[in-house]
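K.L.:
return a 3D structure for these sequence lines:
(one chain, ligands or ions: 1)
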Amino acid sequence: MAILNVITVPHPTLRAKAEPVTEFDDALKTFVADMLETMYAEKGVGLAANQVNVLKRVFVTDCSEERDDPRVFINPEIIAESEETDAAEEGCLSLPTMYSGPIIRPEKITVRAQDANGDFFELEADQLLGRCIQHELDHLNGVLFIDYLSRMKQQRVLKKLEKVLKEREREEAEA
Ligand SMILES: [Zn+2]
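P.N.:
Presented below is the predicted three-dimensional model:
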């Protein structure tokens with residue numbers, strides 16, 4: 001297993017549409033294991049393949065308190081969503097330390113996806129997991145949570161992010 005490099009805004013892969021997975025082979029299983037390891041190492045609740053510079057329709061989540069509920073979604077589709085919505089702040093490993101909102105999303109969704117063996121499953125999800133699934137699925141379509149913000153808030157986040165990334169680069173150069 002390996003920890004993968006998480007890319008940050010404005011990397012172009014974050015704006016590209018990921019391609020469906022057609023081969024459920026050992027390489028895919030290794031990739032999924034690496035994604036989970038990377039998500040845990042980065043302390044994220046979700047990670048999409050675009051974020052590790054791979055354009056495949058794959059994402060992983062763990063929204064549990066105990067960090068013991070790894071979930072894998074391949075070729076996911078939202079097949080139902082509630083009319084009720086829910087507003088919350090969101091963050092993203094590709095915009096490190098930036099949290100902003102409110103991001104309004106359906107409160108409850110049903111997702112249909114495949115696991116690493118290619119078997120289909122359906123899952124009804126709300127609260128943090130429901131939100132996380134919608135956020136990660138957006139990544140596979142090149143959409144970021146800041147796209148839901150007002151232009152002004154978006155500019156503010158991007159400006160702050162630039163500063164944070166520059167600071168990080170400086171620290172890495174000194175280390
Ligand atoms: Zn994200």
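K.L.:
and residue 38, that one's in a helix?
P.N.:
Yes - judged by DSSP: H, G, I helix; E, B strand; the rest coil, residue 38 forms part of a helix.
K.L.:
where in the protein is pLDDT low?
P.N.:
Along the chain, no part satisfies pLDDT under 70.
K.L.:
do a quick rundown of the helices in it.
P.N.:
26-41, 127-140, 151-174 (DSSP state H).
K.L.:
those helices: which one's closest to residue 14?
P.N.:
Residue 14 lies closest to helix 127-140 among the helices of the chain, at 7.3 Å (Cβ to Cβ). From N, CA and C alone the C-beta is placed, and that goes for glycine too.
K.L.:
check which residues of the closest one are buried.
P.N.:
129-140 (16 or more other Cβ atoms under 10 Å).
K.L.:
isn't residue 54 up against residue 32?
P.N.:
No - in this structure, residue 54 is not within contact of residue 32 by Cβ atoms under 8 Å, at 11.0 Å.
K.L.:
more neighbours: these two, which one.
P.N.:
residue 32 (23 against 16; other Cβ atoms under 10 Å).
K.L.:
residues in contact with the more buried one?
P.N.:
58, 60, 72, 74, 116 (Cβ atoms under 8 Å, 6 or more residues apart in numbering).
K.L.:
so which of those comes closest to residue 88?
P.N.:
Nearest member of the contacts of residue 32 to residue 88, counting by Cβ to Cβ, is residue 60, at 20.5 Å.
K.L.:
how many residues are close by the closest one?
P.N.:
That count, for residue 60 with other Cβ under 10 Å as the rule, works out to 25.
K.L.:
separation between it and residue 48?
P.N.:
8 Å (Cβ to Cβ, to the nearest Å).
K.L.:
tell me the buried residues in the strand of greatest length in the chain?
P.N.:
In the chain, with assignment by DSSP state E, the single longest strand is strand 71-81. Residues of strand 71-81 classed as buried: 71-76, 78, 81 (neighbour count, 16+ other Cβ under 10 Å).
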